[in-house]
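Peer 1: pasting a predicted model and its sequence here:
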Amino acid sequence: MTWLTADIWNDTAIWSWTFALYLAGFVAAIDAIWNGRTSQGTLAWVTTLTFIPFLALPLYLFFGSRRFHGYKKARKAGKDALDLLTEQQSSCSQAYPSRYKSTFASPLEKLARIPQTEKNHAQLLINGEMTFAHIFRGIEAAQSSILIQFYIINNDQLGQRLQQALIKKAKQGIEIYFLFDEIGSSLDDDYLDALSAAGIHCSRFNPLKFKFGQKLQLNFRNHRKLIIIDGETCFLGGHNVGDEYLSSDPKLGPWRDTHLQIDGPATLAAQLSFVEDWYWAQQEMPKLNWKAFVSQGSQYNDNILMIPGGPADNVETTSLSFVHLIQQAKQRLWIATPYFIPDLKVMGALQLAALKGIDIHILLPDKSENAFIQYAMISYVKELSELGIQFHRYQAGFMHQKVMLIDQDACFLGSANLDNRSLRINFELNALIESQSLSKQVEQMLLTDFSNSKDFKIPSTFTLLLAKAARLLSPIL
């Protein structure tokens, strides 16, 4: 009877665990239905979670959710700062009469929850040497606060140089907040301990360590690259902190990237984005300057709208921003992006723009570090090329910039790529700048990049087959 009893208990345990696993898969499938943003992705998750939960459930726990939980509290905490920012913009507009607001910014202000500001000065920073020369000059000149936020910060020569520059300013009494994405960055405890010992506030965004009662959200990355000095000057764009961004990696060769320095009231909008991220990570509000800065006698009047976007938004802010700006183009649309896997909305907007006869050029890297991404991009390039869109492959190094030039007086720069992660999953920050002078600089920059590129050629049938197969994975690339 003993062996019979043991078999019964073993069978009962197996059936119990199986039932529990399928029940968990069913619950996760309901979560996928409730939170899913695309029918294709939702259907795929529901099918696999229902029929093969032993494989799908672990993947869904790590990668399935498209909504970032716990951020609404941060948004509520940032309401006072947002109200103050709006008030400052109103007073700034009264002191400096605003020009006509174009159709570029009007709907995006509601989408970003942040007003457009004028009396800004935007400077184009091309490649790493120029970018970090300006950044370290700004850090050295800081008088009250420094906010640092990057997806990648490496403990290499550039990372150590940043560490020492921040420690020096902390010893001078400057308040410093240091926020990094733990998935992208490679920082050890010694690096962070040295910062903390100097009085610098350090925090991981969305830490890898699991805490009981918190939802696993490893699929979400804070892809923003942002530095704010005294609430008056900010830097944003495509550069992270690592030696490769100074073209020091022989495997990658020269690194082609673009950054912005912005002086003026728009910095407060970038500061608000940082504060929300910091509050989510630490449940505390940094004490910062919220007075709009406009240099006296300044001849600059760049109209700038900061657009932070991410999975905590009620709508897909970054994707809709690209769609709207593409739709506004009347003569030309020049784009540079290292990853080109557009969603259906952006794809449709580009198709319509091409059919309207708009001059569209898209600059891509010659090769991607990910084979799946490389092949998936080919599929989209082939389809859009048939409508007359010109694609270029950059030859003078690795192209990593994220830039869009619309007509003669507007450009869109920041951290967002044209791929599923940036459009839906990552936290991103871009700036819409309406400035004829800056647009002219961007035009000249992209013309130089086009001259260092070659046109895409139609691939072989076998390559197209691989590209179409890779495109099936586009929702997770």
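Peer 2: Arrived safely. Residues are numbered from 1 along each chain as shown.

Peer 1: could I get the pLDDT score of residue 297?
Peer 2: Looking at residue 297, its pLDDT stands at 58.

Peer 1: ditto for residue 466
Peer 2: Looking at residue 466, its pLDDT is 82.

Peer 1: helices or strands next to the lengthiest strand in the chain in the packing?
Peer 2: Using DSSP state E, we find that the single longest strand of the chain is strand 117-126. Judged by 3 or more CB pairs under 8 Å, 6 or more residues apart in numbering; DSSP states H and E, strand 117-126 is in contact with helix 79-95, helix 127-141, strand 258-263, helix 266-282, strand 302-309, helix 436-451. Every residue, glycine included, has its C-beta placed from N, CA and C.

Peer 1: buried residues, the very next helix or strand once past the fifth one. List them.
Peer 2: Just to be clear, that refers to strand 302-309. Going down the chain from strand 302-309, the next helix or strand is helix 317-328, by DSSP states H and E. For helix 317-328, a neighbour-count test (16 or more other CB atoms under 10 Å) marks 317-326, 328 as buried.

Peer 1: tell me what helix 317-328 is packed against?
Peer 2: Packed next to helix 317-328, using 3+ CB pairs under 8 Å, 6+ apart, are helix 106-112, strand 302-309, helix 344-355, strand 403-406, strand 410-414, strand 428-434.

Peer 1: tell me where this protein is predicted with low confidence.
Peer 2: Within the chain, the stretches with pLDDT under 70 are 1-11, 13, 37-40, 62-102, 206-219, 295-298, 473, 475-477.

Peer 1: just give me the residue right at the centre of it.
Peer 2: Centroid check for the chain by CA atoms, centre = their mean gives residue 428 as the closest residue, at 2.6 Å.

Peer 1: surely that one is in contact with residue 422?
Peer 2: Yes. Between residue 428 and residue 422 there is a contact at 5.5 Å, judged by CB atoms under 8 Å.

Peer 1: ok, now how distant is residue 318 from residue 288?
Peer 2: For residue 318, the distance to residue 288 equals 25 Å [CB to CB, to the nearest Å].

Peer 1: tally up the residues packed near the closest residue in space to residue 338 that isn't next to it in sequence, please.
Peer 2: Ranked by CB to CB, 6 or more residues apart in numbering and with sequence neighbours excluded, the top spatial neighbour of residue 338 is residue 400, at 4.8 Å. Each residue near residue 400 was counted by other CB atoms under 10 Å, and the total is 23.

Peer 1: shared neighbours, residue 428 and residue 422?
Peer 2: Both residue 428 and residue 422 are contacted by 223, 318, 415-416, under the criterion CB atoms under 8 Å, 6 or more residues apart in numbering.

Peer 1: returning to what we had before: partner strands of the longest strand of the chain, with direction?
Peer 2: strand 258-263 (antiparallel), strand 302-309 (antiparallel) (DSSP bridges).

Peer 1: need those in CSV (columns: mean neighbour count).
Peer 2: Putting the strands paired with strand 117-126 into CSV (neighbours: other CB atoms under 10 Å) gives the following:
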stretch, mean neighbour count
strand 258-263, 24
strand 302-309, 26
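
Peer 1: quick one: which of those strands is nearest residue 273?
Peer 2: strand 302-309 (4.0 Å; CB to CB).

Peer 1: and stretch 146-165, end to end?
Peer 2: One end of stretch 146-165 to the other measures 11 Å (CA to CA, to the nearest Å).

Peer 1: that one: how far from the chain's middle?
Peer 2: How far stretch 146-165 lies from its chain's middle: 18 Å, per CA atoms, centre = their mean, to the nearest Å.

Peer 1: show me which positions of that stretch end up buried.
Peer 2: For stretch 146-165, a neighbour-count test (16+ other CB under 10 Å) marks 146-156, 158-159, 162-163, 165 as buried.

Peer 1: out of those, which one sits closest to residue 271?
Peer 2: Once CB to CB is applied, the member of the buried residues of stretch 146-165 that ends up nearest residue 271 is residue 147, at 6.8 Å.

Peer 1: contact partners for that closest one?
Peer 2: By CB under 8 Å, 6+ apart, residue 147 lies in contact with 176-177, 179, 226-228, 271, 274, 286, 288.

Peer 1: in helices only, show me these.
Peer 2: 271, 274 (DSSP state H).

Peer 1: ok, so of the contacts of residue 147, who is nearest residue 347?
Peer 2: Using CB to CB, residue 226 is the member of those that lies nearest residue 347, at 28.7 Å.

Peer 1: returning to what we had before: any chance of CSV for the buried residues of helix 317-328, columns distance to residue 382?
Peer 2: Converted to CSV, the buried residues of helix 317-328 look like this (distance: CB to CB, whole Å):
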residue, distance to residue 382
317, 29
318, 25
319, 22
320, 26
321, 26
322, 21
323, 22
324, 26
325, 24
326, 19
328, 26
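
Peer 1: list just the nearest of those to residue 474.
Peer 2: residue 319 (13.5 Å).

Peer 1: tell me the contacts of the closest one?
Peer 2: 309, 343, 345-346, 423-424.

Peer 1: buried subset of those residues?
Peer 2: Judged by 16+ other CB under 10 Å, buried ones among those: 309, 343, 346, 423-424.

Peer 1: and the gap between residue 366 and residue 455?
Peer 2: Distance from residue 366 to residue 455, by CB to CB: 12 Å.
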